[in-house]
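Enquirer: Kindly return the folded structure for what I paste below:
(chains A, B, C and D)
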Amino acid sequence: MQEIIHHTNPPGTPPRKGGLQAVGIFVFALVLWKICTGYDPSSWILGIPAAGLFTWFSLTQAESNYRIRFRALPAFLVYFLSQSVLTGLDVAKRALHPEREINPGFCTYPARLPPGSPRALFANMISLLPGTLSWSLVDGVHKVHLLSGHPMILEELAILESRVGKLFGLDLPEEMM
Amino acid sequence: MPPPALLYALAGIWISVIGLRSVLVEEHFFRKIVASNIFGSGVFLVLVALARRAPEGPPDPVPQGMVLTGIVVAVSATALMLALLGHLHDLEKPDNQEDPS
Amino acid sequence: MMIILDLLSILLICLGLFFFFASAVGLLRFPDTLCRMHALAKADNLALGCVILGAMYQQDDPLVIGKLFLIWAVTLLSSATGGFLLAQRIRRKFLAREGEV
Amino acid sequence: MTTGLVFDAVLAFSLVVLAIITLRQRTPGEAVVQLMIFGLLLALSWLRVDATDLALTEAAIGSGVTGALLLAALRRTGFGKPFPSAVSAWLRYPVTIGCALLGVVLSLVVMHTWDSPAGLTDLAYAHLKESGTQNPVTAVILNYRSIDTLLEIGVLLVAALSVYTLSGPASGTPVKPPGPIFRFYMRIMTPIFWLVVPYMVWVGGRAPGGAFQAGALLSGLGALTLLGPSPWPLRLKRRVVRWGLTLGFSLFLAAAAWMWQYGNLLAYPPDQAKNWILLIEIACTLSIGISLTIMFAGCAGWLHEDPKRAS
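Expert: Take a look at the predicted model:
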């Protein structure tokens, strides 16, 4: 496993439960409530308790060591959306092509991201790349199902992993050692 | 041209008739439970379609309220039937027969 | 201006329908369950994204647009997780058949 | 107009075909999956006849919760075994013919009475202002006919208690804990559920939604929590859960008793109706959610043991 440079919050430290964070989550919940209910001011009778519940359930979870950097979010979203389009086109092409271009296979990929949210998000994102589907994650090893194997797949996974890492403020090299 | 709601009412009648037949004919309890769910869904579809008999204006909320109540009662009944089925299954298991409880 | 928005919205929704169709075809044509899940997990997400993007152009209210976006985000997460759990179950069955467990 | 009619015809026809397909499946597991698909298409057809409230409930409860209950029960009694063949032909043919006759008679009745004056729409809308809600369906179930709903919550409570009593000690096979991906999902979704459930309750006063839909959502969260190691484990035998189970019915009953002083059971004075309805909806949401979760756990055989014990 490669060395990971932690900007803040190395794993093992208890999650930060500062008042500032609680206020941030509460405001976020209020925004969500507002989006859902619209402009009726009487909705706050239920909205404020609901936002309180949201905050409480967000804060009282065991493993919140890693938090998303909002500065990294736009770049990640752009990458995510462009990959989604490529992936959808890829699958549609394979599905509609008269001769099925399918040659299923498997590969394994040792995780470099730390356990918890980063690793789980990465596993979910693997299913987003063209031709790959995450199908198990045991002891830090991702098993990936390939619609048709090609040699560059590990490099692509490494790029994706470093993108996910950046979202959590973790630096990973873009290629495997 | 028939009104769309009439089509759904007729479909609902035939769905419930099919479900009723299976409830009566099938031997396997689990299949009877599935069939009774289909039977109920057909009846609900008839009621919901009848609520839309007037071609314009809002639909009649009273049958709709009845169906809303009915859906929840139907799921309670299904749960009760399934619990009984599970209990029956436990009783029939050979290793549970000497269990005094 | 309205016409351009309408056209764009029609175009996006048709694109979404095309991807739904492709995913359904993939579901029927792909050889095994894991391959079929590729079709479901990927083309469907893009299709839903296109349809929602198309629907957004029909809305003036920014809150409704936000709501549509939330629907897409929650569906994405749920379908990715559901797909993973399904794949895990297939893997367990696969391993059990191989006799490794 | 014509396009809509073609769509309606295709949908109505495929509903009948799906019902037949569902009942002809070879194994229980396949039948359940077909039933869930049937439920979703049924919900779609209810959107076509302007019953959005019901479509939501059918998708959540009729398809989702019922399917989950059936699958949970199958987990306990065995998935793959094909159904045994049906009973002998001498019973099958008369029943089939009788049912077909019944269908023909009912169809003729519906077609002949179709244009007769429609029911209570005008009356229901005339009093909507005093009912304390803007959603006519909510007005029917929680004001005009609230006595029905009171009894219905009673039925739900009795059914949950029966399931509670029936599920024997430690009969279900324990569940294998799902991995980190599922935990990640639960970490994100649990707070969202707790925001969306109150939203469903609140929106029921204005637009489609309400206690039943919200309760179904809550039970979805309950079932997900039972499935895997959640940061917030759910112990259904805790006292607070049992209080929550009975809260809806008791509050509803208390409201009925309180209304007695105005001369009628559950006839709210118009100025108080809004608050009573909101209060009853919140309590009923909790109770419906807990009842359905208990039913799920009972059907899977997890009620009286720790479901997280891995095999």
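Enquirer: Near chain D, which residues of chain C are found?
Expert: Residues of chain C found near chain D (Cβ under 8 Å from any Cβ of the partner chain) are C:74, C:77-78, C:81, C:84-85, C:88, C:92. All C-beta atoms are positioned from the backbone trio N, CA, C, and that covers glycine.
Enquirer: 6 Å - rerun?
Expert: With the criterion set to Cβ under 6 Å from any Cβ of the partner chain, chain C comes near chain D through C:81, C:84.
Enquirer: how about the nearest residue to residue A:124, chain neighbours excluded?
Expert: Nearest residue to residue A:124, sequence neighbours excluded (Cβ to Cβ, 6 or more residues apart in numbering or on different chains): residue C:80, at 4.3 Å.
Enquirer: Next: residue D:52.
Expert: Closest to residue D:52 by Cβ to Cβ, 6+ apart is residue D:208, at 4.0 Å.
Enquirer: quick revisit: packing partners of the helix or strand the residue nearest to residue A:124 falls within?
Expert: In this assignment (DSSP states H and E), residue C:80 forms part of helix C:62-98. Judged by 3 or more Cβ pairs under 6 Å, 6 or more residues apart in numbering or on different chains; DSSP states H and E, helix C:62-98 is in contact with helix A:19-37, strand A:132-138, helix C:44-56.
Enquirer: Tell me the buried residues in the longest one?
Expert: So that's helix A:19-37. Neighbour counts over helix A:19-37 (16 or more other Cβ atoms under 10 Å in any protein chain shown) mark A:21, A:25-26, A:29-30, A:32-37 as buried.
Enquirer: a markdown table for those residues, including distance to residue A:108 and pLDDT?
Expert: Formatted as a markdown table, those follow (distance: Cβ to Cβ, whole Å; pLDDT from 0 to 100):
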| residue | distance to residue A:108 | pLDDT |
| --- | --- | --- |
| A:21 | 37 | 78 |
| A:25 | 37 | 85 |
| A:26 | 42 | 89 |
| A:29 | 39 | 90 |
| A:30 | 44 | 90 |
| A:32 | 38 | 89 |
| A:33 | 43 | 88 |
| A:34 | 45 | 87 |
| A:35 | 41 | 86 |
| A:36 | 42 | 83 |
| A:37 | 47 | 83 |
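Enquirer: could these go into a markdown table alongside distance to chain D?
Expert: Shown next, in a markdown table, are those (distance: Cβ to the nearest Cβ, whole Å):
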| residue | distance to chain D |
| --- | --- |
| A:21 | 13 |
| A:25 | 8 |
| A:26 | 11 |
| A:29 | 6 |
| A:30 | 10 |
| A:32 | 6 |
| A:33 | 7 |
| A:34 | 11 |
| A:35 | 10 |
| A:36 | 5 |
| A:37 | 6 |
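Enquirer: Run through who's touching stretch D:256-273.
Expert: For stretch D:256-273, contacts defined as Cβ atoms under 6 Å, 6 or more residues apart in numbering or on different chains pick out D:130, D:132, D:146-147, D:276.
Enquirer: If we use 7 Å, what do you get?
Expert: D:130-132, D:143, D:146-147, D:150, D:255, D:276 (Cβ atoms under 7 Å, 6 or more residues apart in numbering or on different chains).
Enquirer: Next, give me the two most distant ones among those residues.
Expert: D:130 and D:150 (19.8 Å; Cβ to Cβ).
Enquirer: Could you list the low-pLDDT ranges of chain B?
Expert: Along chain B, the parts satisfying pLDDT under 70 run over B:1, B:94-101.
Enquirer: can you give me the helices for it?
Expert: B:4-25, B:29-50, B:61-92 (DSSP state H).
Enquirer: Regarding the residue positioned nearest the centre of chain A, which helix or strand does it belong to?
Expert: Nearest residue to the geometric centre of chain A (Cα atoms, centre = their mean): residue A:121, 2.9 Å. If you go by DSSP H and E, residue A:121 is part of helix A:117-126.
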